[in-house]
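[1] Turn this into a structure:
(one chain, ligands or ions: 1)
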Amino acid sequence: MRILIDMDGVLADFEGGFVKEFRKRYPQVPLVPAQGRSEFYIIRKYPHLEESVRQILNSEDFFLNLEAVPGSVEAVQEMTRLDGIEVFICSSPLDEYRHSVVEKYMWVENHLGREWIKKIILTKDKTIINADILIDDRPQVDGVVKEPNWEHVLYDQPYNHMITNKRRLTWNNWREVLLPSLAS
Ligand SMILES: [Mg+2]
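    Numbering: from 1, shown residues only. Have a look, this model is predicted:
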């Protein structure tokens, strides 16, 4: 079974990194916490702050400094040791790629080790990648292939709770969710 794992909001704490940086730069401006947020794109939640949001996401070291989502690194390392599972990291860089592309590679090397950089797939269109499962926090993963051959399993986040027709997991319960798929 081949599993694709998204980075932002799944392996790397994108939301946490954004909030930390935003607080540092704009301590007076209120932020909508992820808990109460139904919008996936941070920028759409703060249209009046669009330029500030963009500056933070495009700034040097933003991706590099993201913390790992708790349990993510251990889960991925354990998953990859299981017989019959092949793991790849599948992430979409920002259109402003100057920092995000290289920093995603650096992040993987720093948190998972150098051998993992061979497992990175950076693409804006995940639907063209062949796999059995895609673990992704984005509510809807679209692209040129209308029916991708992977099953989208949501990484559970407050902003994807409106999706009710997909399986979901966290790094606490991934074994219970995924291992039955492996057995079948
Ligand atoms: Mg993501």
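[2] Low-confidence ranges, this structure, go.
    For the chain, the stretches flagged by pLDDT under 70 are 33-38, 43, 183-184.
[3] Let's verify the residue of the chain positioned farthest from its centre: helix, strand, or coil?
    If you look at how far each residue of the chain sits from its centre, by Cα atoms, centre = their mean, the farthest one is Gln28, at 28.4 Å. Going by DSSP: H, G, I helix; E, B strand; the rest coil, the secondary structure assigned to Gln28 is coil.
[4] what residues are up against it?
    Gln28 sits next to no residue when contact means Cβ atoms under 8 Å, 6 or more residues apart in numbering. Placement of C-beta: from N, CA and C, glycine included.
[5] For it, give its distance to Phe22.
    In this structure, Gln28 and Phe22 are 11 Å apart, going by Cβ to Cβ, to the nearest Å.
[6] got the residues of this protein near the ion?
    6, 8-9, 137 (Cβ under 5 Å from the ion).
[7] Mind checking which of these land in helices?
    With helices identified by DSSP state H, none of the entries of these belong to them.
[8] okay if I get those residues as TSV plus neighbour count and distance to Lys118?
    Below are these laid out as TSV (neighbours: other Cβ atoms under 10 Å; distance: Cβ to Cβ, whole Å):
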residue	neighbour count	distance to Lys118
Asp6	20	18
Asp8	23	20
Gly9	21	23
Asp137	22	24
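[9] Strands along this structure, start to end?
    Shown for the chain, the strands assigned by DSSP state E span residues 2-5, 86-91, 120-122, 133-136, 151-155, 168-169.
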